[in-house]
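>>> Sequence first, then the predicted structure:
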Amino acid sequence: MNMVYQYIFGPIPSRRLGVSLGIDLVPLKTCSFNCIFCECGKTTDLTIERRKYFPTMAIIKEVDDYLSGRPELDYITFSGSGEPTLHSGIGKIAHHIKSNYPEYKLALLTNGSLLWDESVRKDLLEMDVIIPSMNGISEQIFMKINRPHPSLSCAQVVKGLKALRSEYTGEIWLEIFIIPGLNDTEEELDLMKSAIREICPDKVQLNALDRPGVVDWITVPSFSGMERIIELLDYHDIEVVSSIASRSEIQGIPGDVVEEILMTIRRRPCTVSDLSRICNLKPTEIIKHIEVLLEKGEIVAKNEKRGVFYSINK
């Protein structure tokens, strides 16, 4: 593990996947959605074009270098700075890992926007877990929350999810990001309930704002509000995503990263993008450190015109 990695990051503690090594397949904020809650900020390249945004073999080389030490991992996760399925080499990378490192489980975090494409679904068949999001069923709510590429519709996304379920034998954990006042109405939840039964995921996971998103008016649902949603959706396996695990026991976490973040924002407030550039880490990795520091009360977040800035809690 002597390389300086450009495409893999972590391992990091995931609220759903334990100790997870990330693989980031697209440049920062290259995505088919521009979600109002996105922790990485506004989408700068709104696209549905599938291509090799980074060289496939370069990604595989980094994976081989890291996994040669057989580190302890719960999952290897395709996630990061944008929509992973936009990379046309995702299937080849997944197949390489499964063929050469069968002891590791593969997970994919996706907005589900490209699952209507048969070639995309084919690329994902070797994943152990796929976690797609479905945040609105009516076109109006879908558009307000996800702000998708103009060619995409909610009906298209649901159709893709149903097709995935019919072809894919791994687990599907359907994520719903709850935004009070938008997708928690009885009408929207009734539509959601019907769609969930058509898709038949292995489980439904309710998520909510954990740190500032793109817009500053999003609130966090109350405990009773989440309980109400669980009752209305009435699915056999539904849960609220729990808090992240501690980073202290994870192999491979550089102990000086947190201190570097704190030293940087003591000088001036920074965004995730600023810290990513300064610390030479992926935005998703920075975010996990930020989560811990916010939880401990060591830093605070403030929405500004250029984005969410983090500073020392004085």
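Perfect, I can see it now. Numbering: from 1, shown residues only.
>>> for the stretch 1-150 of the chain, what spans make up the helices?
56-67, 90-100, 118-123, 139-146 (DSSP state H, counting those that start in this stretch).
>>> I'd like these laid out as a markdown table, including mean pLDDT and distance to residue 259.
(Glycine included, C-beta is placed from N, CA and C.) Putting these into a markdown table (pLDDT from 0 to 100; distance: least, CB to CB, whole Å) gives the following:
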| stretch | mean pLDDT | distance to residue 259 |
| --- | --- | --- |
| helix 56-67 | 96 | 24 |
| helix 90-100 | 98 | 33 |
| helix 118-123 | 98 | 40 |
| helix 139-146 | 96 | 36 |
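>>> Make JSON lines from the ones you listed and add mean neighbour count and distance to residue 189 to it.
Listed next are the helices of the stretch 1-150 of the chain as JSON lines, based on neighbours: other CB atoms under 10 Å; distance: least, CB to CB, whole Å:
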{"stretch": "helix 56-67", "mean neighbour count": "17", "distance to residue 189": "39"}
{"stretch": "helix 90-100", "mean neighbour count": "18", "distance to residue 189": "32"}
{"stretch": "helix 118-123", "mean neighbour count": "16", "distance to residue 189": "27"}
{"stretch": "helix 139-146", "mean neighbour count": "18", "distance to residue 189": "11"}
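>>> Rebuild those as a markdown table, extending it with distance to residue 298.
Below are those laid out as a markdown table (distance: least, CB to CB, whole Å):
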| stretch | distance to residue 298 |
| --- | --- |
| helix 56-67 | 30 |
| helix 90-100 | 36 |
| helix 118-123 | 41 |
| helix 139-146 | 31 |
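>>> Which of these sits closest to residue 132?
Among the helices of the stretch 1-150 of the chain, the nearest to residue 132 by CB to CB is helix 118-123 (11.3 Å).
>>> Does anything pack onto the closest one? Which helices or strands?
If contacts are counted by 3 or more CB pairs under 8 Å, 6 or more residues apart in numbering; DSSP states H and E, helix 118-123 sits against helix 90-100, helix 154-167.
>>> mean confidence score for the longest one?
I take that to be helix 154-167. Mean pLDDT, computed over helix 154-167, is 97.
>>> now the stretch 1-150 of the chain, which segments are flagged as low pLDDT?
1-3 (pLDDT under 70).
>>> Packing partners of the helix or strand hosting residue 276?
Residue 276 is part of helix 272-279 when elements are defined by DSSP states H and E. The helices and strands touching helix 272-279, judged by 3+ CB pairs under 8 Å, 6+ apart, are helix 257-267, helix 283-296, strand 307-312.
>>> residues of the longest one that come out buried?
Right, the one you point to is helix 283-296. By neighbour count with 16 or more other CB atoms under 10 Å, helix 283-296 contains the buried residues 283-294.
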